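Asks: when you get a sec, could you give me coordinates for this:
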Amino acid sequence: MRLLSVSCSSLCLLGNYLVGLVKKLERGSIVLKHKSVALDFDGTVAFTSPETYPYVESVNYRAIEVMKKYKKAGGKIVLFTCRTDVDLDIAIECLLEYGLEVDAANVDLRSEERRVGQ
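Replies: The predicted structure follows:
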């Protein structure tokens, strides 16, 4: 399984590409090449400031909607962030509030799948 990494700078460039990709997936005209997307949190789908961290000030609604469609089309989303412990829980809860459930966080999804299947 190959992993497509999505960061803030690349998300802006990939936004239209991913929207087009999701439309093709929904029509059934293509099959996913990359089954998993690594998604950065701070500065990509959520924005904070030194005064409010670890709490989120605003979110990138378009990024969240594109990722939700990608997931609905069969893709897996791995949240990769420097956040740990309670800060990571806050990030995951933020995404859940906007209807985006990640499949894993800060791990290689393949190793997680192997562990679950054992």
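Asks: wait, Gly75 sits on Glu26?
Replies: No: in this structure, Gly75 is not within contact of Glu26 by Cβ atoms under 8 Å, at 12.0 Å. Quick note: C-beta positions are derived from backbone N, CA and C, even for glycine.
Asks: show me which of those two is the more surrounded one.
Replies: Higher neighbour count among Gly75 and Glu26: Gly75, with 20 against 11, using other Cβ atoms under 10 Å.
Asks: that one and Ala38: what is the separation?
Replies: Counting by Cβ to Cβ, to the nearest Å, the gap from Gly75 to Ala38 is 11 Å.
Asks: where do the strands sit along the protein?
Replies: 3-6, 36-40, 46-47, 58-59, 76-80, 104-105 (DSSP state E).
Asks: let's have the ones you listed in CSV, adding mean pLDDT.
Replies: Below are those laid out as CSV (pLDDT from 0 to 100):
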stretch, mean pLDDT
strand 3-6, 50
strand 36-40, 88
strand 46-47, 94
strand 58-59, 95
strand 76-80, 92
strand 104-105, 94
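Asks: show me where the protein dips below the pLDDT cut-off.
Replies: For the chain, residues meeting the criterion pLDDT under 70 lie at 1-19, 21-22, 29-34, 110-118.
Asks: quick one: the helices in it?
Replies: Per DSSP state H, the chain carries helices over the ranges 8-27, 61-72, 85-97, 109-117.
Asks: so what's the residue count around Asp103?
Replies: Neighbour tally, Asp103, other Cβ under 10 Å: 16.
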